[in-house]
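*Asks:* please find the sequence and the predicted model below.
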Amino acid sequence: MDDLISRIQRELPDTDKNRYDIAYERGRAQARSAMLFGGLLVGAVAGALATFLLDPARGAGRRAQLASRATGIRNDLARTTSGRVEDLQNRAKGAAIEAGLREPEDFGEAARRAERDAAAVGNGTAVAAFSGGAWDAEDRERQAASEGHGAG
C-alpha cells in the first residue's frame, strides 16, 4: 500500500520527481540510522544487565533478590486479582437478584463466615468494629447480659 501511495505521489503533475526521490531516500537513510542506534542501545542494555546478574561475586545475591521481588509482586497481583474477582462475582449475584433473575440463597462460605463471626461475638471472644467503634469489655458485658449469660 505504501508503494502505491508513493508511486501516485511521484506521478502527480506538480511533483518534482528528482527532488522527491532524493527526499525519500534521505528519509529511508534516517530510518535505517534510527533502527541501528535502537538496536545498539538494546544490545548495550542487555549486556549490562547480563553482566550485573552474572557477576561471580554478587550475582547470586542479586538474582535471589530479583526472584524474591518477583515472587512478592506475583503474590500481590494474585491477591488483588482474587479480591477483584470475588467483588465482581458478588456484584453480579446482587445485580441478578435485584433484576429478579436469581433467588437469594445461602452463598456458601460467606454465610458460614457470618455465622462464625456472630457466634464469636456472642461468646465475647471476638474484637470487631461495629458502628464506628471497637468492642470493649463494657460492650461484651452488655451483650452477655442481653443473652442471659449474666456477666457483670
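*Replies:* Here it is on my side, so go on.
*Asks:* mind naming the longest helix for the chain?
*Replies:* helix 59-98 (DSSP state H).
*Asks:* what's that helix packed up against?
*Replies:* helix 17-53 (3 or more Cβ pairs under 8 Å, 6 or more residues apart in numbering; DSSP states H and E). All C-beta atoms are positioned from the backbone trio N, CA, C, and that covers glycine.
*Asks:* tell me what the helix it packs on is packed against?
*Replies:* helix 2-11, helix 59-98.
*Asks:* any chance of these in a markdown table, with mean neighbour count and distance to residue 52 too?
*Replies:* Shown next, in a markdown table, are the helices and strands packed on helix 17-53 (neighbours: other Cβ atoms under 10 Å; distance: least, Cβ to Cβ, whole Å):
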| stretch | mean neighbour count | distance to residue 52 |
| --- | --- | --- |
| helix 2-11 | 10 | 41 |
| helix 59-98 | 11 | 7 |
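*Asks:* out of these, nearest to residue 26?
*Replies:* Nearest to residue 26 among the helices and strands packed on helix 17-53 is helix 2-11 (14.1 Å), distances taken as Cβ to Cβ.
*Asks:* and that closest one with helix 17-53, angle?
*Replies:* 150 degrees (axes from the mean of the first three to the mean of the last three Cα atoms, to 10 degrees).
*Asks:* in PDB, list the C-alpha atoms belonging to helix 2-11.
*Replies:* Presented in PDB, the C-alpha positions along helix 2-11 are these (Å, rounded to 0.1, in the frame of the first residue of the first chain):
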ATOM      1  CA  ASP A   2       2.800   2.400   0.900                       C
ATOM      2  CA  ASP A   3       4.400   1.700  -2.500                       C
ATOM      3  CA  LEU A   4       1.200   2.600  -4.300                       C
ATOM      4  CA  ILE A   5       0.800   5.900  -2.400                       C
ATOM      5  CA  SER A   6       4.500   6.700  -3.100                       C
ATOM      6  CA  ARG A   7       4.100   6.000  -6.800                       C
ATOM      7  CA  ILE A   8       1.000   8.100  -7.000                       C
ATOM      8  CA  GLN A   9       2.700  11.000  -5.200                       C
ATOM      9  CA  ARG A  10       5.700  10.800  -7.500                       C
ATOM     10  CA  GLU A  11       3.400  10.800 -10.600                       C
END
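*Asks:* with that, I have no additional questions.
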